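Colleague: coordinates for the following, if possible.
(one chain, ligands or ions: 1)
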Amino acid sequence: MCGIVGYVGEKQAAPILLEGLAKLEYRGYDSAGIAVCNNGKISMTKAKGRLAVLSEKTAGGKSVLGNVGIGHTRWATHGEPSDMNSHPHLSQSGKFAVVHNGIIENYLELRAYLEGKGFKFLSETDTEVIAHLIEYYYKGDILETIIKLIGKLKGSYALGILCDECPDSFIAVRKDSPLIVGLGEGENFIASDVPAILSRTRKVYYLNDNEIVVVKKDDVKIYDLDKEEIHKEVSEVKWDIAAAEKGGYEHFMIKEIMEQPEAVRKTVAPRIQNGRVVFEELSLSEEYIKNINKIYVVACGSAYHVGVVGKYIFEKLTRIPVEVAIASEFRYCQPILDDKTLVIVISQSGETADTIAAMREVQKQGVKALAIVNVVGSSIAREADEVIYTWAGPEIAVATTKAYSTQLNIMCLAAMYFADILGRISEDEYKSMLEGLLALPEKIEKILENKDKIQHCASLYYNSKSVFFIGRSLDYAVALEGSLKLKEISYIHSEAYAAGELKHGTIALIEPGTLVVALCTVEELFEKMLSNIKEVKARGAVVLAIAIEGHTEIEKEADHVIYIPKNDKNILPSELVVPLQMFSYYVSSLKGLDIDKPRNLAKSVTVE
Ligand code: AGP
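Modeller: Next comes the predicted model:
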């Protein structure tokens, strides 16, 4: 939920720390701070508000001398956004500075213990406990101290730690929160995520839980909790720098919407070889797949919505019962699992706390977890039994778009792959879906070309107070995502509703002028959707319909119609979501809101 960086090298640290934090603001941005060690003295500057406030306070970092430092951009969990609650936090004597991403669950108990030892706390945060606890344990060996610290902490953390007795290095350690080490020439880094260091190096170590790293400008050593040195393979980051920047678009979100054809192509194409779906990364045996008698799909937010679409497709093709669960509910509902249950977890960031916890729950019971993840080296990616990566590239906007789309593609490919092994999909159906997936990029491109029409619709309705997204079957599943997109970036209340269910109460909310977005792409239910449109129109609603090209009869009923190209019925959700993403983007843009960083949200929800 927060972003941390660290630098040690020949150059002045502060400007480099600020540069890295700027690339991590999507992880949280209600306050920021840096701490630098110079001639054995730690100086710290921090401020509530966006990074720009801190940058102004430090003249872009130029006023802070020293070549080793740590930085932090925060999304508040314990203690409201304020100067004092922002990171870094200093230990009592100022000997240590700490930045932290995660949550210390036993911080109150530790705080009481330390207060009993005479420590004075200045903030309401859990992180300050870490700073004082390090000082309390420190007897001269920083590695020993960190090992002792880890033994006392419960919860999740990625830590960057400065010590004024180690003026040429900093220490870092992680558990349950992401952290990478960047390896430069005469300089080294830590960061919560790749974009922070990409302009400086492509060589990284992905740290695992409880690995402690001592970082110097020309030396990086990683230790386990027994102080044994660990030797890691250097990974090469393949992302190009542009991919992690806005690339000329006004917002990351519109860039990522426009990138969907490419993201879909990169995700799908490598998995179709000689007319068959292949998953080289999967080691599930055919026997195992034939034995599956239940699938759970577990995720949060938009990833959960992918699961709702995936349920329809998986059940239709494989005839295996699929249950979709919200991760924060699933982990506390004693799910019925056995060795014939497969749990699919879906996560763009691979760091969503509830999804990680749900996955660990099932693994404790010996159940396989297959992860669909976008971030390489993320916690879920490394801990799942099986991982299928979406190759959407970095998704920076808080509101997901291309990751959602590519997750949908993987669900379709996986359903085909399983159904083929089970002998439950006809060659015609298989071929139709394969062709539909391969044709998807240019069909999405065609929808993107229709942006003026979508923007025009947004201009008519961006002042709406409440919007309903209605649909049936797969259209209803996608309506969930359309509604969330509108809510999270335009702050307009919205609801997705099964169109056939509307008349059982909720239609009471429809009044003259209410906008209803009617999704009408499920051909066998098209006539029923026309009736639902008539129902809401009779109550004064204004209807924006989305239909397949050629179904012009809908123009008699709806006020506006956006058409999408025809495709295989199981592939259509990947097209249908695009005008909904664009509609929400243009509504939010017309409202002048902070589209990439909506209020109250963060890109990766790494706390419960
Ligand atoms: C989607 O636009 C939201 N940002 C949010 O619902 C997100 O999908 C959810 O937090 C899950 O994140 P994950 O995919 O990284 O696990």
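Colleague: residue 343 touches residue 372, doesn't it?
Modeller: No - between residue 343 and residue 372 there is no contact under CB atoms under 8 Å: 11.5 Å. Yep, even glycine has a C-beta here, placed from its N, CA and C like the rest.
Colleague: and those two? Which one has more around it.
Modeller: Taking other CB atoms under 10 Å, residue 343 and residue 372 do not tie; residue 372 has more neighbours (32 against 27).
Colleague: so the more buried one sits against residue 409, correct?
Modeller: No - judged on CB under 8 Å, residue 372 makes no contact with residue 409 at a distance of 9.8 Å.
Colleague: pull up the residues of the stretch 401-550 of the chain that are close to the ligand.
Modeller: residue 488 (CB under 6 Å from any ligand atom).
Colleague: distance of the residue in the stretch 251-400 of the chain positioned nearest to the ligand from residue 327?
Modeller: Nearest to the ligand in the stretch 251-400 of the chain, going by CB to the nearest ligand atom, is residue 301, at a distance of 1.9 Å. As defined by CB to CB, to the nearest Å, residue 301 lies at a distance of 9 Å from residue 327.
Colleague: same question, residue 202
Modeller: 32 Å.
Colleague: if you tally nearby residues, what's the number for residue 34?
Modeller: 32.
Colleague: which stretches of the stretch 251-400 of the chain have low pLDDT?
Modeller: Within the stretch 251-400 of the chain, no stretch has pLDDT under 70.
Colleague: list, one by one, the residues from it near the ligand.
Modeller: Counting by CB under 6 Å from any ligand atom, the residues of the stretch 251-400 of the chain that sit close to the ligand are 300-303, 347-349, 352, 355, 398-400.
Colleague: repeat that with 5 Å
Modeller: Residues of the stretch 251-400 of the chain that fall close to the ligand, judged by CB under 5 Å from any ligand atom: 300-303, 347-349, 352, 399-400.
Colleague: closest point of the stretch 451-600 of the chain to the ligand, which residue?
Modeller: Closest point on the stretch 451-600 of the chain to the ligand, by CB to the nearest ligand atom, is residue 488, at 5.6 Å.
Colleague: let me see the contact set for that residue.
Modeller: 398-399, 598, 601 (CB atoms under 8 Å, 6 or more residues apart in numbering).
Colleague: show me where pLDDT drops low in the chain?
Modeller: The model of the chain has pLDDT under 70 over residues 1, 76-78, 242-248.
Colleague: how far away is the residue nearest the centre of it from residue 196?
Modeller: Taking CA atoms, centre = their mean, the centroid of the chain lies closest to residue 349, which sits 3.5 Å from it. As judged by CB to CB, residue 349 and residue 196 stand 15 Å apart.
Colleague: and if you look at residue 344?
Modeller: Look at residue 344 and residue 196: by CB to CB, they are 30 Å apart.
Colleague: buried residues in the host helix or strand of residue 497, which are they?
Modeller: For residue 497, the host element (DSSP states H and E) is strand 493-498. Neighbour-count burial for strand 493-498, counted by 16 or more other CB atoms under 10 Å, picks out 494-498.
Colleague: need the contact partners of it.
Modeller: Contacts of strand 493-498 (CB under 8 Å, 6+ apart): 465-472, 476, 479-480, 482-484, 486-487, 506.
Colleague: among those residues, which ones are in strands?
Modeller: Under the assignment DSSP state E, the contacts of strand 493-498 contribute 466-471 to strands.
Colleague: could you work out the most separated pair of those?
Modeller: 466 and 471 (17.3 Å; CB to CB).
Colleague: the two: which is more packed in?
Modeller: More neighbours surround residue 471 than the other of residue 466 and residue 471, with 28 against 13 (other CB under 10 Å).
Colleague: just say helix, strand or coil for the residue nearest to the more buried one when sequence neighbours are not counted.
Modeller: Of all residues not flanking residue 471 in the chain, residue 519 sits nearest, at 3.6 Å (CB to CB, 6 or more residues apart in numbering). Using DSSP: H, G, I helix; E, B strand; the rest coil, the structure places residue 519 in strand.
Colleague: so which helix or strand takes in residue 263?
Modeller: helix 260-268.
Colleague: point out the other helices and strands that that helix packs with.
Modeller: Here helix 260-268 touches helix 402-422, helix 427-449, going by 3 or more CB pairs under 8 Å, 6 or more residues apart in numbering; DSSP states H and E.
Colleague: could I get these as CSV with mean neighbour count and distance to residue 278?
Modeller: Shown next, in CSV, are the helices and strands packed on helix 260-268 (neighbours: other CB atoms under 10 Å; distance: least, CB to CB, whole Å):
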stretch, mean neighbour count, distance to residue 278
helix 402-422, 25, 8
helix 427-449, 17, 12
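Colleague: redo those as a markdown table? Include distance to residue 230.
Modeller: What follows is the helices and strands packed on helix 260-268, written out as a markdown table (distance: least, CB to CB, whole Å):
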| stretch | distance to residue 230 |
| --- | --- |
| helix 402-422 | 31 |
| helix 427-449 | 41 |
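Colleague: okay, now the closest residue to the ligand within the stretch 501-608 of the chain: neighbour count?
Modeller: Nearest residue of the stretch 501-608 of the chain to the ligand: residue 605, at 4.7 Å (CB to the nearest ligand atom). Counted by other CB under 10 Å, the residues lying close to residue 605 total 18.
Colleague: more neighbours: which of residue 202 and residue 327?
Modeller: The residue with more neighbours, out of residue 202 and residue 327, is residue 327; 25 against 19, by other CB under 10 Å.
Colleague: quick revisit: list phi and psi for the residue of the stretch 501-608 of the chain closest to the ligand.
Modeller: phi -90, psi 90 (degrees, to the nearest 10).
Colleague: for it, give me its contacts.
Modeller: Applying CB under 8 Å, 6+ apart, we find residue 605 in contact with 1, 300-301, 352-354.
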